[in-house]
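Predicted structure and sequence below. I'll ask about it afterward.
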Amino acid sequence: MIKTKKFHFTKKEYLSFIIRILLKKRWWLYTFILFISIAILFKDNKDSSDIFMIVFGFLFPLITFFQYWRFANSKENKIILSEREHEIFNDKIISRFDETTESTIAVTNFIKVLELNDLYILYLSKGQSVFFPKTNF
């Protein structure tokens, strides 16, 4: 059995994690859009579609960041930002939230594991995951 230290995420840390996950999956898209926008920006003859692409290329990453910022700062994320600790066994993971709530998850229910520099993310589904900061082991 491995027991983690008690920890909680701040809104800023959570935003950082979800932005890094997005960039790990879709960095090529944002790079391509910005590259095309910059190339069109330095083009001599611009028409209305070129102007649209320049504006879209610079606003799309900003709008995406703003959406993730709103999600990370939402009041609905109370459980994600609450203090927790985990006990990891060979066949299950027990999570305790705020000293009153306990959750048991079988290891076989995880469908994907993602590792960042300072975080492990175990996915139960596309929209549900368990975070394990590496500093808490």
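It's in.

Strands of the chain, start to end?
2-3, 84-88, 92-97, 101-106, 112-116, 119-123, 129-133 (DSSP state E).

I'd like these laid out as JSON lines, including mean pLDDT and mean neighbour count.
All C-beta spots, glycine's among them, are computed from the backbone N, C-alpha and C. Compiled in JSON lines, those are given as follows (pLDDT from 0 to 100; neighbours: other Cβ atoms under 10 Å):
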{"stretch": "strand 2-3", "mean pLDDT": "86", "mean neighbour count": "11"}
{"stretch": "strand 84-88", "mean pLDDT": "89", "mean neighbour count": "18"}
{"stretch": "strand 92-97", "mean pLDDT": "90", "mean neighbour count": "16"}
{"stretch": "strand 101-106", "mean pLDDT": "90", "mean neighbour count": "12"}
{"stretch": "strand 112-116", "mean pLDDT": "89", "mean neighbour count": "12"}
{"stretch": "strand 119-123", "mean pLDDT": "90", "mean neighbour count": "17"}
{"stretch": "strand 129-133", "mean pLDDT": "87", "mean neighbour count": "18"}
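
How about stretch 39-56, which residues are buried there?
40, 53-54 (16 or more other Cβ atoms under 10 Å).

Which of those residues fall in helices?
Among the buried residues of stretch 39-56, the members found in helices (DSSP state H) are 40, 53-54.

what pLDDT does the spatially most central residue of the chain get?
The residue lying closest to the centre of the chain (Cα atoms, centre = their mean) is Ile18, at 1.6 Å. Predicted confidence (pLDDT) at Ile18: the value is 91.

any idea how far Lys12 is from it?
Taking Cβ to Cβ, to the nearest Å as the measure, Ile18 falls 11 Å from Lys12.

ditto for Ser49
38 Å.

in this protein, which spans are helices?
For the chain, the helices defined by DSSP H occupy 11-41, 48-72, 78-81.

okay if I get those as a markdown table plus distance to Glu99?
Formatted as a markdown table, the helices of the chain follow (distance: least, Cβ to Cβ, whole Å):
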| stretch | distance to Glu99 |
| --- | --- |
| helix 11-41 | 21 |
| helix 48-72 | 24 |
| helix 78-81 | 14 |
